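Enquirer: this one's sequence-less:
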């Protein structure tokens, strides 16, 4: 226990003793044998004293106003009784004890306050002061806050992190001198809009922090943060320049578990949420949102680690010729993540995150080259064997996409006409003109273009002629909706569109023999789906090709 804590505990004992003595003085008529008034004169003071004692225990605040009132009332009562001449000698000694304890309390205050007010002590040293704003710096705040948090308390302590939005724009537009003036003005407004026992410091750059001890609940901290932001948002006139300070705040309450680092981290998370909500607002730390953010952070970290460790693999789903007894004539390359703990992770669980992290062009480029090398080994035995590789939205907007595809074809030696690049209809229609330009450049390399999930987007027919497409892949939902025998279907309509535009159709998601037979009747030449084969590693594709080749012979 630190010296400050010992002083505080000793002072608390003195305070409690003074209050106890005061209550005894107030109850004196009930125990004084010479007190006139009979039963009423004794019982009423006793009951009043008991009620006052309970009030001190239940309603006393950190400031101790009720305690001081109790002492003052007791001394005033004894003074009146002394003037009336009916004060017992024992009560006189008790009054002297209360007065002496008060003097001792004053002495202890002078001894402990300089140590207790650590903030002022630290600010007196230049190494703890921010030279621009005059506030405490990070070092002062950390040292003072750690001492406050280490002391036992019945109340809560909060931390508010305040960040000024748009400081870079101010510096760029008006110069760094104006930015410094803005920081000084923000520091002044922060200081005058918090409580007297709160601590304001500048952490770094345009970020400030407020320590609020002695709170009854977290709503009080949010109220302080909102009041601070309201004052900060008032327009500021600096010479001929009128500026508006826009700030965001994050609020966190200490939980007694992880110290200052933990509460600062939670306040930072709340600040991030405030900025995501548009800025200019205060947000309280939400453990549920924090858990989600932490889960995402760990997922991002895990994905980047997996990329660096080479944990990704290429799986291949066979594409069959329905008119040749279901012989495999090509494959679609699909990426999988061989996670050391989670096993084989499907793309639906990581591709969106990889896209958000900007890693899909890197991952897609690796899949393209790896699949092209593998396809070339199959072509040694099966000439004309086709390879389908998917393009994402971020790959399509990559200015080096055409060059990268050309370089992969050169390095691997795969014939361009045997490479089919797939993109979904929604990706292609995001920017129709740019998509047509990029796809046209890819076509000049000799590769073919497939439109995946055809029919699920918007204005498919009206834009189909604008895109240099060779293949349309019928979405699995249309295949699943086909009637078992006869009857019109969307899949049949898509096949009719494909023939109208002289495009090669491929049906996706074929799951049973009835669907395969119906597609054959509709003159759909190629298909893929679990009925034929699931996505598999390259070695299993090789085994499948060997088996089919042996059956033909």
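Expert: Done, it's in. Given the structure is predicted, the values throughout are model-derived calculations rather than measurements.

Enquirer: same for the helix or strand where residue 493 lies, what does it pack against?
Expert: For residue 493, the element it lies in under DSSP states H and E is helix 490-500. Applying 3 or more CB pairs under 8 Å, 6 or more residues apart in numbering; DSSP states H and E, one finds that helix 490-500 contacts helix 460-464, strand 471-474, helix 476-480, strand 504-507. Every residue, glycine included, has its C-beta placed from N, CA and C.

Enquirer: Try it again at 7 Å.
Expert: Secondary-structure packing of helix 490-500 (3 or more CB pairs under 7 Å, 6 or more residues apart in numbering; DSSP states H and E): strand 471-474, helix 476-480, strand 504-507.

Enquirer: pLDDT of the last one, averaged?
Expert: Right, strand 504-507. Strand 504-507 shows an average pLDDT of 93 in the prediction.

Enquirer: Contacts for it next, please.
Expert: The contact list for strand 504-507 (CB atoms under 7 Å, 6 or more residues apart in numbering) reads 319, 470-474, 479, 491, 495, 498, 519, 524-528.

Enquirer: Just checking, which helix or strand succeeds it along the chain?
Expert: Following strand 504-507 in sequence order, the next helix or strand is helix 513-521 (DSSP H and E).

Enquirer: any weak-confidence spans in the chain?
Expert: Within the chain, the stretches with pLDDT under 70 are 1-126, 238-239, 255-258, 457-463, 484-488, 552-553.

Enquirer: Next, name the residue at the spatial heart of it.
Expert: Residue closest to the average C-alpha location in the chain (CA atoms, centre = their mean): residue 293, at 3.4 Å.

Enquirer: Now do the same contact list for that one.
Expert: residue 269.

Enquirer: Make sure it is indeed in a strand.
Expert: No - going by DSSP: H, G, I helix; E, B strand; the rest coil, the assignment for residue 293 is helix, not a strand.

Enquirer: What's the separation between it and residue 386?
Expert: Residue 293 sits 44 Å away from residue 386, going by CB to CB, to the nearest Å.

Enquirer: thinking again about what came up before, greatest separation within the contacts of strand 504-507: which pair is it?
Expert: 470 and 479 (20.4 Å; CB to CB).

Enquirer: Looking at the two, which one has more neighbours?
Expert: residue 479 (24 against 15; other CB atoms under 10 Å).

Enquirer: sorry, back to before: against residue 354, how distant is the residue nearest to the centre of the chain?
Expert: For residue 293, the distance to residue 354 (CB to CB) stands at 18 Å.

Enquirer: so how many other residues sit close to residue 401?
Expert: Residue 401: 20 neighbours (other CB under 10 Å).

Enquirer: Leaving aside the residues adjacent along the chain, what's closest to it?
Expert: With CB to CB, 6 or more residues apart in numbering as the criterion, residue 401 has its nearest non-adjacent residue at 5.8 Å, and that residue is residue 395.

Enquirer: Doesn't that neighbour lie inside a helix?
Expert: Yes - Residue 395 sits within a helix when classified using three-state DSSP.

Enquirer: ok, now which ones touch it?
Expert: Counting by CB under 7 Å, 6+ apart, residue 395 touches 360-361, 364, 401.
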